[in-house]
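Undergrad: From the sequence below, what's the structure:
(chains A, B and C)
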Amino acid sequence: MFNVFKYVLFDLLRSKWSIVYTLFYVLSSSALLYFANSSTSAVAGLMNIVLFITPLVSLLLGVIYFYQNRDFAELLLAQPIRRTQYFLGNYLGLITALIANLLVGIGLPALLISNETTAFTELSILILSGVLLTLIFSALALLITLLNENRIKGFGYAIIIWLFFAVIYDGLFLMLLLYFNDYPLETFALVGVILNPMDLCRVLILLQLDLSALMGFTGAVFQQYFGSTFGFVTALTSGLVWVALPLAFLIKKGNTKDF
Amino acid sequence: MVIELSNIKKDFGKHKVLKGVDLSFSEGKIYSILGPNGSGKTTLMKSILGLVKPSSGAITVCGKDAINDFKQREFIGYAPQIARFPENLTVNEVIKLVTSIRKQPSNPDPLIQLFEIDSFRTQRLKNLSGGTRQKVNLALSLMFDSKIYILDEPTSGLDPINRIRLKELLLDLKQQGKTILVTTHILHLAEQISDELIFLLEGKIKYSGPTEELMSMTSSENLEQAIAKLIQQQTEKEQAHV
Amino acid sequence: MILRALFVFVYLCCCFWSHGATIETCASCSIKDLRTAVQNAQPGDSLILQAGVYPVHELEITKPLTILGKQGAIIDGENQGEILIIHADSVNILNLTIKNVATSYVKDWAAISSDKASYCRIENNKILDTFFGMYIRKSSHFTIANNQVISNATLEATSGNAIHLWHCDSMRIENNEVKKHRDGIYFEFVKNSIIKGNISEGNVRYGLHFMFSDYNKYLGNTFENNGSGVAVMYGSFIEMKDNTFINNWGPASYGLLLKEIKDGDIKNNIFKRNTTAIYGEGALRMNISNNTFERNGWAMKVLSSCMENEVRDNNFIENSFSVFTNSPRNYNEFTNNYWSEYKGYDLDKDGFGDVPHRPVSLFTYIVEQCEPALLLMKSNFIALLELAEKAAPSITPEALVDDKPRMRPIW
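TA: Below is the predicted model:
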């Protein structure tokens, strides 16, 4: 597994996409950290970028990369290696490369531009969310390529999944909330957030940025959720479940797939 | 017997690719697997490699189950039909990678010399031509001291000189007691190197045996004629059925 | 001229003379307990309490007297009832530790209470674990300064207020620390008084509770993490300046709750990380200026009953929501404020944006209608909705607008 991981990582870190992706984060985070009125508003601005771009890049880069190496996969899987190890090696290589890009892209400008007012806690949670999104959407990308031999279809699914979680989901969610406004919606709303990894990460960051507003919830469930570390812990746990589920499915499918 | 297949069936959905194949391969022989496109050649080879999981049947490599046990693949060197590699790795790195995965000693240098690709060793694979990549592909599959070599269209993309070099290399390996499975469209090549022929048609074995036997059986002068006759027989049979 | 100087001299001598004797009280002194000391003292005497514990309760002080504690002097009420009861003018209670007053559901027991007294000083005391700290009725001209009044309240129903004033006039309440009571400072029918430099923290209801009290000032106080913040109700001509309202969190918690209030000034205050910084209901002709609202949930909730208020020269920085109103119209003036969310430009370089700013967002309305939607805060979908609403306002009040938004905050 480690050998596969190593080659995927080197291969990806040397690719031009990896450099473009890092540069993108370097530019946008330096601009925001430099020009924003305060460090927390820079985080708020970066949040929307991270929530939008990280899943998109994880999905697209993942799908491109795995399709590109579809033929090489045959060569490697014909070697004495467990399939699970092969897939996990690929996954680990992809996420390590993407996370390295993210850390350098946001972390480096933050360290260079930082001063005593820099909101390091908020920035760390933001980067943590970016990492979580990378873990989740890379797993989905790997799953998409495994389930679709047709590359065009695979790309289509990647874009649709991204669009769904980034915009459509929130629209539907809001409509449902407004439509069933007369019913107690607390638990439903929290579950709704957990079911969309992008919303999940957004709430993780909101817990840092807008806690004073979130404390305005009258409902007891919300109070319990946001009034303690309980909210943070459950959000993080649900995030990890979001990683584990596609991976488990991937391994199951991968072991019976014909190459 | 080095490889044994008994009653291998494989269907992709409704499409039946292999309809019950029984085969055995023995030491020190070169086998050519022939057949028109879609006849199941590649599926057959991939089943032996564990890349394709048969719907039913059993495969043993060196006496052990090869369908569920990935370890049997350490006896096989494999060159896939399409030679594509991670773009940003160098030739040396890919050789190192495959060696590290196999955990066996590899000896790529003679092959590198033979195919004259020494000057490409530190170049990234995306900068190499199709022919060079195929040479790397062959080197990767033949650099281990394996009992079995499975080569899918090994001559595609090779120039005549290297085709001859490969041919000689395969004959040499046969002398060392290796079992070699080759699929090819080039009947001429098959005729020259193979000890036994396997002809697949619509997922079934039409012929399996020594090359000369096929010729005499179909009273043909060369392999091309013999194959043509086999296909003709099949169509006649089908028409009789209708 | 000489005659006049002589007169002043004689007058000063008389004052000195009448200052009275000094009586020491301690375990080894001739007078060992406080009650005897107070009973034996002449008006104007000073009682000095040496270090030691003096158990006493229901001790009435009916003559002008100074009770001064040396370090380690502790008056222990032993949870029996009230401790010191002032029934005379010019009583000074200084440098004491007074503790242990039991909770009562019938009587408002306090460590120090007073009725119809004036010119008293209560300074530098530590009042610990009491039901009410001070309960001052119908009194005037008190100085209550530098006291620590700390209890351990957890429920409204079983706790009293730290400093409770009822029907008082001309009081000064300065630099006290009031913590963990029901209300930190409670004013009812109090006039002409000043609350200055106090720290009110962790009280289960209000940090400051203010009712039917006109012509008062509160200046430079800090109100932090109180159950419902600060409530100012039913009063007029109140000045609130230089205060800090911080971390008052909860669905019914406000930095500052204004209810039926008119003609006051709210200036130079800092509102930081409160769920709602200012909540206004029936506020009239208030002048809200030069305040900084930073990272609150809602900076201002202005209900339709608020009129003729002026909100000018304030900083609104990174609040989740700047302004909410439940009225489609607007009878208040918002102008010359800095809004960190303002996206306009300033081509004529006069320091003010050329495009008016609408501080009420569509999303506030959605959240008001459907609370769980708050979970969608800062989502890209909501940003899209806001964009559409900004282009063609249909729900947010068109009249609530800052015509001259500042480009930079004022400090």
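Undergrad: Pretty sure B:Ile227 sits against B:Phe199.
TA: Yes: with contacts counted by CB atoms under 8 Å, B:Ile227 reaches B:Phe199, the gap being 6.7 Å. For the C-beta atoms, the positions are set from N, CA and C on the backbone; glycine is no exception.
Undergrad: Name the residues contacting each of these two.
TA: Counting by CB atoms under 8 Å, 6 or more residues apart in numbering or on different chains, the contacts common to B:Ile227 and B:Phe199 are B:Leu34.
Undergrad: what residue is smack in the middle of chain A?
TA: Taking CA atoms, centre = their mean, the centroid of chain A lies closest to A:Leu133, which sits 1.0 Å from it.
Undergrad: Same question for that residue, what's its three-state structure.
TA: helix (DSSP: H, G, I helix; E, B strand; the rest coil).
Undergrad: Confirm for me that it is in contact with A:Met198.
TA: Yes: using CB under 8 Å, A:Leu133 is in contact with A:Met198, at 6.9 Å.
Undergrad: bridging residues for the residue of the stretch 1-150 of chain C at minimum distance from chain A?
TA: The nearest approach of the stretch 1-150 of chain C to chain A comes at C:Ile150, 24.3 Å away (CB to the nearest CB). Listed by DSSP bridges, the beta-bridge partners for C:Ile150 are C:Leu128, C:Lys179.
Undergrad: residues contacting it?
TA: By CB under 8 Å, 6+ apart, C:Ile150 lies in contact with C:126-129, C:177-180.
Undergrad: quick one on the thing from earlier: which neighbours do A:Leu133 and A:Met198 have in common?
TA: A:51, A:55.
Undergrad: before we move on, the earlier item: and the nearest residue to the residue nearest to the centre of chain A once chain neighbours are set aside, what are its phi and psi?
TA: Spatial nearest neighbour of A:Leu133, excluding adjacent residues (CB to CB, 6 or more residues apart in numbering or on different chains): A:Thr54 at 4.4 Å. When read as degrees, to the nearest 10, the backbone of A:Thr54 gives phi -60, psi -50.
Undergrad: Please report how far A:Thr54 lies from chain B.
TA: Distance of A:Thr54 to chain B, given as CB to the nearest CB, to the nearest Å: 22 Å.
Undergrad: Run a quick neighbour tally on the residue of the stretch 101-250 of chain C found nearest chain A.
TA: Nearest residue of the stretch 101-250 of chain C to chain A: C:Trp249, at 4.0 Å (CB to the nearest CB). C:Trp249 has 22 neighbours, counted by other CB atoms under 10 Å in any protein chain shown.
Undergrad: Would you agree it is in contact with C:Thr276?
TA: No: counting by CB under 8 Å, C:Trp249 stays clear of C:Thr276, with 9.9 Å between them.
Undergrad: any residues touching stretch A:225-234, and which ones?
TA: Residues contacting stretch A:225-234 (CB under 8 Å, 6+ apart): A:190, A:194, A:203-204, A:207, A:211, A:214-215, A:217, A:224.
Undergrad: Go through those residues and flag which are in helices.
TA: Of the contacts of stretch A:225-234, the ones assigned to helices by DSSP state H are A:190, A:194, A:203-204, A:207, A:211, A:214, A:224.
Undergrad: Which residues of the stretch 1-150 of chain A lie near chain B?
TA: A:3-4, A:6-8, A:10-12, A:14-15, A:68-72, A:74-83 (CB under 8 Å from any CB of the partner chain).
Undergrad: Now the stretch 151-259 of chain A against chain C: closest residue?
TA: For the stretch 151-259 of chain A, CB to the nearest CB, closest residue to chain C: A:Ala213, 3.1 Å.
Undergrad: Give me the distance between A:Ile125 and A:Leu46.
TA: Remark: distance between A:Ile125 and A:Leu46 (CB to CB, to the nearest Å) = 11 Å.
Undergrad: Who has more neighbours out of those two?
TA: A:Leu46 (25 against 21).
Undergrad: A helix includes the more buried one, no?
TA: Yes: per three-state DSSP, A:Leu46 lies within a helix segment.
Undergrad: hang on, it packs against A:Pro109?
TA: No: counting by CB under 8 Å, A:Pro109 is not a contact partner of A:Leu46; they are 10.1 Å apart.
Undergrad: Now do the shared contacts for the two.
TA: A:Ser29.
Undergrad: Name the SS class of A:Tyr67, please.
TA: helix.
Undergrad: Skipping adjacent residues, who's closest to it in space?
TA: A:Arg151 (5.0 Å).
Undergrad: returning to what we had before: ok, of the ones in helices among the contacts of stretch A:225-234, which one's closest to B:Gln233?
TA: Distance to B:Gln233, by CB to CB, is smallest for A:Ile194 among these, at 64.5 Å.
Undergrad: For the stretch 51-200 of chain A, just list every one of the strands.
TA: Taking DSSP state E, counting those that start in this stretch as the criterion, the stretch 51-200 of chain A contains no strands.
Undergrad: how many neighbours does C:Ala27 have?
TA: 11.
Undergrad: From C:Asp33, how far off is it?
TA: For C:Ala27 relative to C:Asp33 (CB to CB), the value is 10 Å.
Undergrad: Against chain B, how distant is C:Gly282?
TA: Taken as CB to the nearest CB, the span from C:Gly282 to chain B is 70 Å.
Undergrad: So for A:Met198, what pLDDT did the model give?
TA: Looking at A:Met198, its pLDDT stands at 92.
Undergrad: Quick one: residues contacting the residue nearest to it when sequence neighbours are not counted.
TA: Closest residue to A:Met198 in three dimensions, ignoring its sequence neighbours and counting by CB to CB, 6+ apart: A:Phe165, at 4.9 Å. By CB under 8 Å, 6+ apart, A:Phe165 lies in contact with A:55, A:196-198.
Undergrad: Tell me the span between the first and last residue of stretch A:64-73.
TA: Separation of the first and last residues of stretch A:64-73 by CA to CA, to the nearest Å is 14 Å.
Undergrad: and that stretch, what's its mean pLDDT?
TA: 89.
Undergrad: tally of neighbours for A:Gly156?
TA: Neighbour count of A:Gly156, defined by other CB under 10 Å: 13.
Undergrad: From chain B, how far out is it?
TA: 21 Å.
Undergrad: low pLDDT regions in the chain?
TA: Assuming you mean chain A. Applying pLDDT under 70 to chain A flags the ranges A:37, A:116-117, A:227.
Undergrad: looking at chain C here, not the other one
TA: C:1-19.
Undergrad: Recalculate using a threshold of 50.
TA: C:14-17 (pLDDT under 50).
Undergrad: At the geometric centre of it, which residue sits there?
TA: Note: chain C centre (CA atoms, centre = their mean) maps to C:Leu208, 3.5 Å.
Undergrad: Identify the residues contacting that one.
TA: Here C:Leu208 is in contact with C:183-187, C:195, C:200, C:218, C:221, C:223, C:230-232 (criterion: CB under 8 Å, 6+ apart).
Undergrad: for A:Pro197, same thing?
TA: A:55, A:132-133, A:136-137, A:165, A:239, A:242.
Undergrad: run the last query once more with 10 Å
TA: If a contact means CB atoms under 10 Å, 6 or more residues apart in numbering or on different chains, then A:Pro197 has A:51, A:55, A:129, A:132-133, A:135-137, A:140, A:165, A:238-239, A:241-243 as its contacts.
Undergrad: where exactly do the strands run in chain B?
TA: Along chain B, the stretches classed as strands by DSSP state E are B:3-12, B:15-25, B:29-34, B:56-61, B:64-65, B:76-79, B:148-152, B:179-183, B:196-201, B:204-210.
Undergrad: Out of these, which gets nearest to B:Thr43?
TA: In terms of CB to CB, the element of these nearest to B:Thr43 is strand B:15-25, at 4.9 Å.
Undergrad: so what strands line up beside that closest one?
TA: Strands adjacent to strand B:15-25 in the sheet, as given by DSSP bridges, are strand B:3-12 (antiparallel).
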